[in-house]
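Participant: what follows is a protein structure lacking sequence information:
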């Protein structure tokens, strides 16, 4: 490598380090701050502690928000997987106008700005006289994530091919038996991946939730409310926990997708 | 290759005389299509068709892609409903019977093995669905796997099996439920030439042994000729001709059939009075009932043309003088091309040992054939 090339490489390296620092330093800073008490905006660096996490654990409203988040997340996973499987199966078996309509409509909520989805859902629910609650939050989340589940499962079903379903019927199996013995085992990894992905999305979702949650708030909404009152160490601790959870989910998704790819290749 | 060998050895080793695998297994069923047709909107894929498949026969539906052959198979299997007509099994109307209840099993073109199940789980699936006992399933699966020569691969997943082995798992899975009819949708098209020939023999032997009706779909005319009791030739959603392989080969009814099976000499002509046809090589007496003035195409196989003057000089013989313009040695046979009369070219296939050394391009010969080997073709619809 010539000296000139070396300089270029060094410069590129610096540029990349700077970019990473700008992008990720705030996140790291917030996590670090969770361990240091702050008084009137001044951080006391001399006295690291996990006290903030303890306070968090004692905060009933936060625990309630966490519980709500888990309920919404798991319900969203269950409903979107069931609905996504049905729709993907329908589309994979028949290519008629219903399937084409599903293909078109299902991606709209995912592509529309969440604020539009949230707003339109809110006004429709009000017209229908349905009060805001965790149920409406789940409806909003399902609408948002359904396209993903649908796409993942449809890809899987298409790669399986229609003929094994035909073969199962040919050997006498009913629709349910075919799903139970032939499709579900082939879909299991796709279902798992979608489930984790949906849970992660639902866990973080804020904009649609803002419109649809009534008195029950989820963790991001709770965080939002706390920020408006003023920054505190609790907030940092909560941010760090949400962050840690998101990282775990991201790693899990990446790992699941990787495992699927290598299985498909092998 | 080794795969196919074991299969053939396995069936040879058993050494049983052709007969049912189990005495109580029902014999093959007879299937009849009565005016069965298929339309997708304005698109006709199958014109109303009558066809009967005899009990226990090996019937092949042969045709190019888009000829409607796979549509017939799917209708019989119950995967699609015909837009018209009735389907009968042993005289009973089964048009409305769902696929899950038809006593037919299918071998799919891409095998359609369940990827997460082992070979024996795949084969036992039909019995498992029928709620048979664990022991019975185990015994029957072992029996059928040994018939197809795969006893040692029972616990392999499909992805660890070769193409020929997957093929035989698919076959075992189809025969284990003792269907009245087995439907085979181009099952050999994914195999290489050598393996395909071995599987042809294997399938034919298997069919003779289990005596189930086989309905086989292919676009490969050699496959159709070598395996089948009868062949149905299809084109553009219609049946062109039904018959034994020899009959289709030597007595093609239409231009399409004549062109589909190997080489043919085609002589164009026009019918004149008295059953004779005016052609570039002269008048030919066909003794057929042809309308005078009608355009006729006559077909004769290259191997039916003989060199030298007709020995017997019977009325049925047609003899012409000709000039050789091409001699092509291809081994056991030598291909000759002759020019006869007014620019007509005829191809001959002569066994090489019977050919005189002095036959070279440019020399004059005479050529004859028997009238019964010559066919007037119906134009293709």
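Facilitator: Arrived safely, thanks for sending. This is a predicted model, so every value here is computed, not measured.
Participant: please, where are all the helices along chain A?
Facilitator: Assigned by DSSP state H, the helices in chain A fall at A:3-33, A:51-58, A:60-93, A:97-105, A:108-111, A:114-127, A:134-160, A:163-170, A:175-178, A:184-204, A:207-212, A:219-229, A:233-265.
Participant: can you redo the ones you listed as JSON lines, where the extra columns are distance to chain B and mean pLDDT?
Facilitator: Every C-beta, even on glycine, is put in place using the N, C-alpha and C of the backbone. Output for the helices of chain A, formatted as JSON lines (distance: least, Cβ to the nearest Cβ, whole Å; pLDDT from 0 to 100):
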{"stretch": "helix A:3-33", "distance to chain B": "41", "mean pLDDT": "89"}
{"stretch": "helix A:51-58", "distance to chain B": "44", "mean pLDDT": "80"}
{"stretch": "helix A:60-93", "distance to chain B": "12", "mean pLDDT": "91"}
{"stretch": "helix A:97-105", "distance to chain B": "13", "mean pLDDT": "86"}
{"stretch": "helix A:108-111", "distance to chain B": "29", "mean pLDDT": "82"}
{"stretch": "helix A:114-127", "distance to chain B": "37", "mean pLDDT": "90"}
{"stretch": "helix A:134-160", "distance to chain B": "8", "mean pLDDT": "91"}
{"stretch": "helix A:163-170", "distance to chain B": "4", "mean pLDDT": "93"}
{"stretch": "helix A:175-178", "distance to chain B": "6", "mean pLDDT": "91"}
{"stretch": "helix A:184-204", "distance to chain B": "5", "mean pLDDT": "89"}
{"stretch": "helix A:207-212", "distance to chain B": "37", "mean pLDDT": "87"}
{"stretch": "helix A:219-229", "distance to chain B": "38", "mean pLDDT": "83"}
{"stretch": "helix A:233-265", "distance to chain B": "10", "mean pLDDT": "79"}
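Participant: turn the ones you listed into CSV, including mean neighbour count.
Facilitator: Converted to CSV, these look like this (neighbours: other Cβ atoms under 10 Å in any protein chain shown):
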stretch, mean neighbour count
helix A:3-33, 11
helix A:51-58, 15
helix A:60-93, 18
helix A:97-105, 12
helix A:108-111, 14
helix A:114-127, 15
helix A:134-160, 21
helix A:163-170, 22
helix A:175-178, 14
helix A:184-204, 19
helix A:207-212, 22
helix A:219-229, 16
helix A:233-265, 15
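Participant: adding distance to residue B:146, write those helices out as JSON lines.
Facilitator: Below are those laid out as JSON lines (distance: least, Cβ to Cβ, whole Å):
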{"stretch": "helix A:3-33", "distance to residue B:146": "63"}
{"stretch": "helix A:51-58", "distance to residue B:146": "66"}
{"stretch": "helix A:60-93", "distance to residue B:146": "36"}
{"stretch": "helix A:97-105", "distance to residue B:146": "44"}
{"stretch": "helix A:108-111", "distance to residue B:146": "53"}
{"stretch": "helix A:114-127", "distance to residue B:146": "61"}
{"stretch": "helix A:134-160", "distance to residue B:146": "30"}
{"stretch": "helix A:163-170", "distance to residue B:146": "22"}
{"stretch": "helix A:175-178", "distance to residue B:146": "27"}
{"stretch": "helix A:184-204", "distance to residue B:146": "27"}
{"stretch": "helix A:207-212", "distance to residue B:146": "61"}
{"stretch": "helix A:219-229", "distance to residue B:146": "61"}
{"stretch": "helix A:233-265", "distance to residue B:146": "32"}
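Participant: which residue is nearest the middle of the chain?
Facilitator: The chain I'm using is chain A. In chain A, the residue lying closest to the centroid (Cα atoms, centre = their mean) is residue A:201, at 1.3 Å.
Participant: um, chain B though
Facilitator: Central residue check for chain B by Cα atoms, centre = their mean: the C-alpha nearest the mean position is that of residue B:224, 1.9 Å away.
Participant: that residue against residue B:242, yeah?
Facilitator: No. Assessed by Cβ atoms under 8 Å, residue B:224 is found out of contact with residue B:242, at 11.9 Å.
Participant: quick one: the residue nearest to the centre of chain A from residue A:208, how far?
Facilitator: For residue A:201, the distance to residue A:208 equals 11 Å [Cβ to Cβ, to the nearest Å].
Participant: which neighbours do those two have in common?
Facilitator: Taking Cβ atoms under 8 Å, 6 or more residues apart in numbering or on different chains as the contact rule, residue A:201 and residue A:208 both touch A:141, A:144.
Participant: now for residue B:224 and residue B:242: what residues contact both?
Facilitator: residue B:231.
Participant: can you pull the domain assignment for chain A?
Facilitator: Listed domain ranges for chain A are A:66-216, A:231-266 (source: automatic domain parsing).
Participant: hmm, back to that, buried ones in the helix or strand harbouring the residue nearest to the centre of chain B?
Facilitator: Per DSSP states H and E, residue B:224 falls inside helix B:221-227. In terms of neighbour count (16 or more other Cβ atoms under 10 Å in any protein chain shown), helix B:221-227 has its buried residues at B:221, B:223, B:224, B:225, B:227.
Participant: packing partners for it?
Facilitator: Packing partners of helix B:221-227 (3 or more Cβ pairs under 8 Å, 6 or more residues apart in numbering or on different chains; DSSP states H and E): strand B:58-62, helix B:193-210, strand B:213-218, helix B:245-250.
Participant: look up how far residue A:69 lies from the nearest residue to residue B:150 once chain neighbours are set aside.
Facilitator: Leaving aside its chain neighbours, residue B:150 sits nearest to residue B:168 (5.5 Å; criterion: Cβ to Cβ, 6 or more residues apart in numbering or on different chains). Using Cβ to Cβ, residue B:168 is found at 54 Å from residue A:69.
Participant: in the stretch 51-200 of chain B, which spans are strands?
Facilitator: Applying DSSP state E, counting those that start in this stretch to the stretch 51-200 of chain B gives strands spanning B:58-62, B:84-89, B:92-93, B:104-107, B:181-185.
Participant: now do the shortest one: distance to the chain's middle.
Facilitator: When you say that, I think you mean strand B:92-93. With Cα atoms, centre = their mean, to the nearest Å as the basis, strand B:92-93 stands 27 Å off its chain's centre.
Participant: distance between the ends of stretch A:116-136?
Facilitator: 16 Å (Cα to Cα, to the nearest Å).
Participant: how far is that stretch from where the chain is centred?
Facilitator: Relative to its chain's centre, stretch A:116-136 lies at 21 Å (Cα atoms, centre = their mean).
Participant: which residues does residue 177 contact?
Facilitator: Defaulting to chain A. By Cβ under 8 Å, 6+ apart, the contact list for residue A:177 reads A:168, B:129.
Participant: that's the wrong chain, I meant chain B
Facilitator: Applying Cβ under 8 Å, 6+ apart, we find residue B:177 in contact with A:171, A:172, B:105, B:126, B:127, B:130.
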